[in-house]
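> need coordinates for the below:
(chains A and B)
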Amino acid sequence: MLFTSYGFLLFLAVVLILYYGLPRRFQWPLLLIASYVFYGASGIGNLCYILATTLATGLLACKMQDVSDAQSKWLKGKGKEASREERKAYKQRMKKKRWRLLLLCLAVDVGMLAVVKYTGFAVSNLNVLIKALGSGRQLTFFDIALPMGISFYVFQAVGYGIDVYRGKYRAEENLFRFALFVSFFPQLIQGPISRFDQLSPSLFAPHKFQTRTISLGLQRVLWGFFKKLVVADRLIGAVGMLTKDTQTYEGCWVVVGMFLYAVELYADFTGGIDITIGIAQAMGITVQENFIRPYFSKSVKEYWNRWHISMGSWFTDYIFYPVSVCKPMLDLSSFSRKHLGEQAGRRAPVYASCFLVWAATGIWHGAGWNFLVWGLSNCAVLLVSQELEPLYRNFHERFQVAGTFGWRLFGVARTCFILCCLRTFDCYRDVPLTFRMLGSVLTSWNWGELFSPGRILELGLSWADYGVVLLGILLMLGVSLWQRKGSVRGQIAQKPYWVRFALWLSLFFMVIVWGSYGIGYEASQFIYNQF
Amino acid sequence: MRRKEGEPVGGKDIIRNRALRIVVSAAVLLAAFYLLQRLFMPKYMSSVVEGAMIAEYYGEKKDHDVIFIGDCELYENISPLVLWEEYGINSYIRGSAQQLLWQSYYLAEETFTYETPKVLVFSVLAMKYDEPQKEAYNRMTLDGMRWSASKVASIKASMTKEERFVEYVFPLLRYHSRWSELTKEDFQYFWKRKKVTHNGYYMRVDSLPAKDVPKGRPLGDYEFGEQAWMYLEKLTDLCKKHGVKLVLVKAPSLYPYWYEEWDEQIKDYAKEHGLAYYNLLEAADEIGLDYQKDTYDGGLHLNLSGAEKLASYFGNILAKDCGLSSRRGEEALEQSWRKKRELYNGEALRQMDQQEKGSFTGK
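Okay, the predicted model is just below:
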């Protein structure tokens, strides 16, 4: 069920009416039923995956909690009489038990994700290897359709399992409540990847009907629809053409494709998250923000702190930190210090962890070499910038430009350019082709084509469409600038009623009139839904 | 009692103000939606006028002896004015482009809620289609219908896979993409549209001789589809229920090709159900049709001369076989048809004049 389909709007309307119409104690069970109906609509078979994740993680987390509780009880009771060594040995034993349970939980969750998402990729690479070794045999595999949102809910469940293992919070004893945490329908398609301790208080709390909350939520949904339908979906055809017909669209067209894809991706993903957060808000539920004006970032590092925040923090908390302090990394650190010097010794584990995190980030986005190379390229840019830090410092000491508007603007433009270049791996989905296309920007000097009449219209967009895209970009830019002073909807809410009404009514009709929906437009799923 | 300055606004005032705001806001929203919808809906005035035909019926006085229901084989081939003038038959053509059988059925059902004609003439070419065809043609028939149970059923029966019912309820959701294609016509005919037909007849005075009309290519299966049969059956029952005589016709259009096997099936059906069936294609010589002069598009449709010849011929059938008596002399009808004759002549002259000047575009 697409967020932008009539069916979803009807579904949402029914859920909202029931949500506030039923006694409040039924609100979260209603959401659970709605979430399963929503997920079931993507394919009844897909329910097996989400049920498996929920049952495995929910039950094993409870088991981990039981072990922790038993440990606490023992330490407060019999453990008081035990010697220090005995207490230590007992704790170790219990930790090991929890560890085994966590491993089992990870094996089920990550194993399932690996099978459905990466088997095809792994087998096709193995076949290439087998062929290279001269064997005529080839492995066969079933091509399993990727269940909707699996990368998101599996990560959410895994994060919960690790948090319970770490004792960050208690496991949820009610399996149905945990099932809702995993399947909450607004965030099922493309995140954010929520944490249980952040989402659960408002998810399970009873919510009173409040016009203000509902209208603020629906306003955000409307803004999300504007980004998705008016801007992102309008650009799909053009971006598709630029990246598919690589013979025709070389040189300057690669740059055009990079720019248009940057706009499309931003409008699509942030638009989708706006819809998610807006729906949740309309139900009184707080879902964490996933973006903080990412295209205003002045460095790639800053960008990754402001783009898909929930994913970045997930990788930091559950991969980067544990990997950085794991035994092999500590060994690597000692080895490096001993053989390469103090500086290198300090950097080696950080670099290795970074490498692992970005390789994982890349492969999480999709089972393909292009995603892996994209992830590692990000890693390389981040590490190189870090290494060049002293150089930047020297530069800023000599030239007092830091903090000036011009320098900040330069930083933003440079970051955008670097990220656009990196995203070409995502656009072309083929590593050698991406390098060839990027190279063609320098070798095929065809900028004149941009100004030849008709060429730009061959992309399937009329001048009127370009005008709407431009207006959309300006609106998104304006809203982002306005956001720096606080919530835009909050600021609009301070205006007189008829001003507010005129603003939202205009936005509503912009979506209705300019939206890319209905006959003649291909209904498109959100880009991040593919990951 | 007036509220003193600084005194807090009372609860009732707040509720009244809020209610007023909600009502006004909703009214503004609905009005804006309605106006935009009206603006974006195609007007079908200067091109593809076939889309404007269905709606014209509602402006008529509904007292017809004969209702023709079907596609271009009716609305371009027979002149109701001649039927009136020569036989005193008051008729109307509820025609639209590529009108599918279930659309004809629901149009007939709707028509019977307004009036009960003595005869319903149905063009059997529609039997060749057994499933929804093109959204554009659906729209030309369905958008013009007034809301009724018949319209709802017709939409449901006609929708292609990509169509959504909600887009018929709110056509703005379908036509919003016309925002960059709006023309002067959309503003000119925003409130009121001009008539494009003469009692449902779409007039063309130009001529294009029929040459090399292609023979129909052999078909794998000549049997009409189940859906088509089902709706023909329903149409027969509907007419029976209302005491309306159903007459089946195949118009004298040379193309699309009308197969012998199709003709046999219709003959058998008509015989089985005691219906009259006229294959006017076979009667072309008797009608006096000259396909070198009486068609404007090489034999697909008749021009004014052909349509008048056919009306003259078919009027005789209606009068004799269907027992329709002349209503000439009924003052109200005489007056109404006199006005229609003026418009008819005016349109014919306009087209001929444009033809002479070489600026005739067919519209």
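
> show me what the strand or helix carrying B:Leu20 packs onto, helices and strands only.
B:Leu20 belongs to helix B:11-40 when assigned by DSSP states H and E. Applying 3 or more CB pairs under 8 Å, 6 or more residues apart in numbering or on different chains; DSSP states H and E, we find helix B:11-40 packed against helix A:497-514, helix B:172-175, helix B:184-188. Yep, even glycine has a C-beta here, placed from its N, CA and C like the rest.

> counting neighbours, what do you get for whichever residue of the stretch 201-350 of chain A sits closest to chain B?
Closest residue of the stretch 201-350 of chain A to chain B, CB to the nearest CB: A:Thr211 (9.2 Å). If you count neighbours by other CB atoms under 10 Å in any protein chain shown, A:Thr211 ends up with 8.

> for A:Arg24, see how far away it is.
Going from A:Thr211 to A:Arg24 by CB to CB, to the nearest Å gives 17 Å.

> and residue 231, how many residues sit next to it?
Answering for chain A, as no chain was given. Residue neighbour count, defined by other CB under 10 Å, stands at 26 for A:Val231.

> that's the wrong chain, I wanted chain B
Other residues close to B:Tyr231 by other CB under 10 Å number 23.

> check for me that it belongs to a helix.
Yes: counting by DSSP: H, G, I helix; E, B strand; the rest coil, B:Tyr231 is located in a helix.

> does it touch B:Tyr106 like I think?
No: in this structure, B:Tyr231 is not within contact of B:Tyr106 by CB atoms under 8 Å, at 9.0 Å.

> does chain A sit close to stretch B:128-148?
Yes: using CB under 8 Å from any CB of the partner chain, stretch B:128-148 reaches chain A at B:Glu135.

> and B:Val249, its phi and psi?
Torsion angles at B:Val249 (phi, psi; degrees, to the nearest 10) stand at phi -140, psi 150.

> so what's it up against?
B:Leu74, B:Val121, B:Phe122, B:Ser123, B:Val124, B:Tyr277, B:Tyr278, B:Asn279, B:Leu280, B:Phe314 (CB atoms under 8 Å, 6 or more residues apart in numbering or on different chains).

> nearest to A:Ser377, out of these: which one, please.
A:Ser377 has its nearest neighbour among the contacts of B:Val249 in B:Ser123, at 66.4 Å by CB to CB.

> from the contact counts, what lies against the helix or strand encompassing B:Ile266?
Using DSSP H and E, B:Ile266 sits in helix B:260-273. The elements that helix B:260-273 packs onto, with contact taken as 3+ CB pairs under 8 Å, 6+ apart, are strand B:245-250, strand B:276-279.

> to B:Asp143, which of the ones you listed lies closest?
Using CB to CB, the helices and strands packed on helix B:260-273 put strand B:245-250 closest to B:Asp143, at 26.3 Å.

> paired strands for that closest one, with orientation please.
Here strand B:245-250 has these sheet partners by DSSP bridges: strand B:119-123 (parallel), strand B:276-279 (parallel).

> tilt between that strand and helix B:260-273?
Calculated by axes from the mean of the first three to the mean of the last three CA atoms, to 10 degrees, strand B:245-250 forms an angle of 170 degrees with helix B:260-273.

> per-residue confidence averaged over strand B:245-250?
Averaging pLDDT along strand B:245-250 gives 95.

> one more: stretch B:111-121?
Stretch B:111-121 comes out at a mean pLDDT of 96.

> with adjacent residues omitted, what lies nearest to the residue in chain A that chain B sits nearest to?
In chain A, no residue comes nearer to chain B than A:Ala464, which is 3.8 Å away by CB to the nearest CB. Nearest residue to A:Ala464 in three dimensions, chain neighbours excluded: B:Ser180, at 3.8 Å (CB to CB, 6 or more residues apart in numbering or on different chains).

> thought the one you found was touching A:Val513?
No: assessed by CB under 8 Å, B:Ser180 is found out of contact with A:Val513, at 9.8 Å.

> so which of the two has more stuff around it?
When neighbours are counted by other CB under 10 Å, B:Ser180 and A:Val513 differ, and A:Val513 comes out ahead with 19 against 13.

> contacts only, for the more buried one.
Applying CB under 8 Å, 6+ apart, the residues contacting A:Val513 are B:Leu36, B:Phe40, B:Leu172, B:His176, B:Trp179.

> looks to me like the last one is in a helix.
To tie it back to what came earlier, the one meant is B:Trp179. Yes: using three-state DSSP, the assignment for B:Trp179 is a helix.

> mind listing what it touches?
A:Ala464, A:Val513, A:Trp514, B:Phe40.

> now the first one
Taking CB under 8 Å, 6+ apart as the definition of contact, the neighbours of B:Leu36 are A:Phe509, A:Ile512, A:Val513, B:Leu172.
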